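Novice: Okay, here's the prediction I keep looking at, along with the sequence it came from:
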Amino acid sequence: MSERDGFEQRLREARTRQGLDKPSGDGKGSLSTGPWGIGFRAGVEVVSALVVGVVIGLMLDRWLGTKPWLFLLFFVAGAAAGILNVYRLFAPGRGRKI
Amino acid sequence: MAAEGKAIDALSQFELAPFLGALGESVRFSQSNAHMLLAIGLITGLMVWGMRHRAVVPGRLQALAESGYEFVHDMVSAQVGEEGKRYFPFVFSLFMFILFGNLLGMLPYAFTFTSHIAVTFALAALVFVVVTIVALAIHGTHFFSYFFPEGAPKLLAPVIIPIEIISYLSRPLSLSVRLFANMVAGHVMLKVFATFVVLLGGLGVIGPFVAVLPLALNIALVGFELLVAFLQAYVFAILTSIYLHDAVHLH
């Protein structure tokens, strides 16, 4: 067991000597690649929530025969959900950066 | 190759074709399926064959297998926590499958199966179903409190609950569209600029000199696409772990 420990220590020292160990801390930054990445992610979040809302609205309309009203309602709800998604993307205090 | 006359044919690279001619046609086995099997074979090969020595000081393949394993393992334990280790095989399989699919697509003549929304949506729907089942299994009916944040006024429930449900249902869509759109956009750009090389190259005396510009851009794009291939697999895996965290802890 001590041999294994010695190996781990020597490995660590060698890695530090070669500069292979990244300085710990904010090693896990944000995933997005610049402003385009952030913009694309926010756009996808909004559009997907909107699509889900519209599809639910249209299906409920066809089922209940309430033609445009539930579609309009769920369009607004989908837009709100999209904004909620984007807010969650950048919300502080959730502790997890995506 | 894609330049017939003056047309830029950037989308035919995504068309499915039967694999092995009539045999593939009869069982509807396309080159996309063949690449999926190839990816699975390569991953299994890397893991089984690369780890065969089980050396303390790893060789090249073992180092690759170990770094992939540890990368996903660290990510899952950091995002989900200690109890998230039981979901590690799921996230690891997803990550390796998407990563190998993206990287295989970078090889000439290969097909990128992650550039099909049917494939990415199937993966995202699998994540969605697994996450929902995990949440229901751990929390039972308490899971539905996820759709109504604590402390919100009861009066707002008819507004908040549909919005939260739509937000929850939009997860598989945004997960799949992100991967699909990134792969399609990258490969279309590569194809368009590759076509420019051919078109400009045939422009007479100055042709080869002008064609160097899109060629240089394409070389840069290949590097960028390798980054995107890795990054999108990482994004898919980390979002899966974040959803699993939400399912295990419910806020």
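Specialist: That came through, no problem.
Novice: measure B:Ala125 to B:Leu169 for me?
Specialist: 11 Å (C-beta to C-beta, to the nearest Å). The way it works is simple: take the backbone N, C-alpha and C, and place the C-beta from them, glycine included.
Novice: Please say which of the two ends up with more neighbours.
Specialist: A count of neighbours by other C-beta atoms under 10 Å in any protein chain shown puts B:Leu169 above the other of B:Ala125 and B:Leu169, at 19 against 14.
Novice: which residues touch that one?
Specialist: Counting by C-beta atoms under 8 Å, 6 or more residues apart in numbering or on different chains, B:Leu169 touches A:52, A:56.
Novice: any idea which element it lies in?
Specialist: Following DSSP states H and E, one finds B:Leu169 within helix B:157-201.
Novice: Could you pull out the buried residues of stretch A:58-78?
Specialist: Under the neighbour-count criterion of 16 or more other C-beta atoms under 10 Å in any protein chain shown, stretch A:58-78 has A:58, A:60-61, A:70-71, A:73-75, A:77-78 buried.
Novice: what about stretch B:91-104 and chain A, touching?
Specialist: No: judged by C-beta under 8 Å from any C-beta of the partner chain, stretch B:91-104 makes no contact with chain A; its nearest approach is 13.8 Å.
Novice: If we ignore the residues flanking it in sequence, what's nearest B:Ile166?
Specialist: Among residues not flanking B:Ile166 along the chain, A:Ala81 sits closest, at 3.9 Å (C-beta to C-beta, 6 or more residues apart in numbering or on different chains).
Novice: Tell me if I am right that that neighbour is in a helix.
Specialist: Yes: under DSSP: H, G, I helix; E, B strand; the rest coil, A:Ala81 falls within a helix.
Novice: In this structure it contacts B:Ile160, no?
Specialist: No: counting by C-beta atoms under 8 Å, A:Ala81 does not reach B:Ile160; the two are 10.3 Å apart.
Novice: When these two are compared, which one has more neighbours?
Specialist: More crowded of A:Ala81 and B:Ile160, by other C-beta under 10 Å: A:Ala81, with 27 against 18.
Novice: so what's that one up against?
Specialist: A:49, A:52-53, B:163-164, B:166-167, B:170.
Novice: Among these, which one lies nearest to B:Leu136?
Specialist: For the contacts of A:Ala81, the closest approach to B:Leu136 (C-beta to C-beta) belongs to B:Glu164, at 16.3 Å.
Novice: which stretches of chain B have low pLDDT?
Specialist: Across chain B, the ranges flagged by pLDDT under 70 are B:1-6, B:251.
Novice: picking that back up, how far out from the middle of the chain is the helix holding B:Leu169?
Specialist: 11 Å (C-alpha atoms, centre = their mean, to the nearest Å).
Novice: and the buried residues of stretch A:58-78, which of them are in helices?
Specialist: Secondary structure from DSSP state H places A:58, A:60-61, A:70-71, A:73-75, A:77-78 of the buried residues of stretch A:58-78 in helices.
Novice: For these, could you give me TSV that also reports distance to chain B and pLDDT?
Specialist: Shown next, in TSV, are those (distance: C-beta to the nearest C-beta, whole Å; pLDDT from 0 to 100):
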residue	distance to chain B	pLDDT
A:Leu58	13	92
A:Leu60	11	90
A:Asp61	15	91
A:Leu70	11	89
A:Phe71	13	90
A:Leu73	8	91
A:Phe74	7	91
A:Phe75	11	92
A:Ala77	5	91
A:Gly78	5	92
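Novice: Those residues into TSV, with extra columns for distance to B:His187?
Specialist: TSV is the format used below for those (distance: C-beta to C-beta, whole Å):
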residue	distance to B:His187
A:Leu58	32
A:Leu60	38
A:Asp61	38
A:Leu70	39
A:Phe71	35
A:Leu73	39
A:Phe74	34
A:Phe75	33
A:Ala77	35
A:Gly78	30
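Novice: Show me what from chain B comes close to chain A.
Specialist: So chain B meets chain A at B:56, B:78-79, B:162-164, B:166-167, B:169-170, B:173-174, B:177-178, B:181, B:227, B:231, B:234-235, B:238-239, B:242, B:245 (C-beta under 8 Å from any C-beta).
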